[in-house]
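Colleague: take this sequence and fold it.
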Amino acid sequence: MANPNFLDALSNCGLLKFFLALGLQAQPKLLQYLISLWDVNQEIFIIGDQELELETLDIYFITGLS
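Modeller: Residues are numbered from 1 along each chain as shown. I've put the predicted structure just below:
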């Protein structure tokens, strides 16, 4: 099982359900990439120099987890 601090961080930004999806556990690099885009202070994703505001529900919709 993953590190408890890691799970807490995912839970705090609303991505724990995303991580626990079996398909994504098989793609840890994708999850790591998504987490690396998350700006903790602004609570948005930053891709390059662009800000992308996604709600947790947006991620669930995109991945079919809703």
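Colleague: do you know how far the spatially most central residue of the chain is from Gln32?
Modeller: Among the residues of the chain, the one closest to the centroid is Leu15, at 4.4 Å (CA atoms, centre = their mean). Relative to Gln32, Leu15 is positioned 12 Å away (CB to CB, to the nearest Å). Every C-beta, even on glycine, is put in place using the N, C-alpha and C of the backbone.
Colleague: host element of Glu51?
Modeller: In this structure, Glu51 is located in strand 50-52 according to DSSP states H and E.
Colleague: from the chain's centroid, how far away is that strand?
Modeller: Distance of strand 50-52 from the chain centroid (CA atoms, centre = their mean, to the nearest Å) equals 15 Å.
Colleague: tell me what it is packed against?
Modeller: Using 3 or more CB pairs under 8 Å, 6 or more residues apart in numbering; DSSP states H and E as the contact test, the elements touching strand 50-52 are strand 44-47.
Colleague: mind giving me the packing neighbours of the strand it packs on?
Modeller: Secondary structure elements in contact with strand 44-47, counted by 3+ CB pairs under 8 Å, 6+ apart, are helix 28-37, strand 38-39, strand 50-52.
Colleague: what pairs with the shortest one, parallel or antiparallel?
Modeller: To tie it back to what came earlier, the one meant is strand 38-39. Using DSSP bridges, the strands paired with strand 38-39 are strand 44-47 (antiparallel).
Colleague: who's in contact with the partner strand?
Modeller: For strand 44-47, contacts defined as CB atoms under 8 Å, 6 or more residues apart in numbering pick out 34, 37-39, 51-54.
Colleague: list the buried ones in it?
Modeller: Buried residues in strand 44-47, defined by neighbour count with 16 or more other CB atoms under 10 Å: Phe45.
Colleague: check the offset of it from the chain's centre.
Modeller: The answer for strand 44-47 is 11 Å, by CA atoms, centre = their mean.
Colleague: that'll do, ta.
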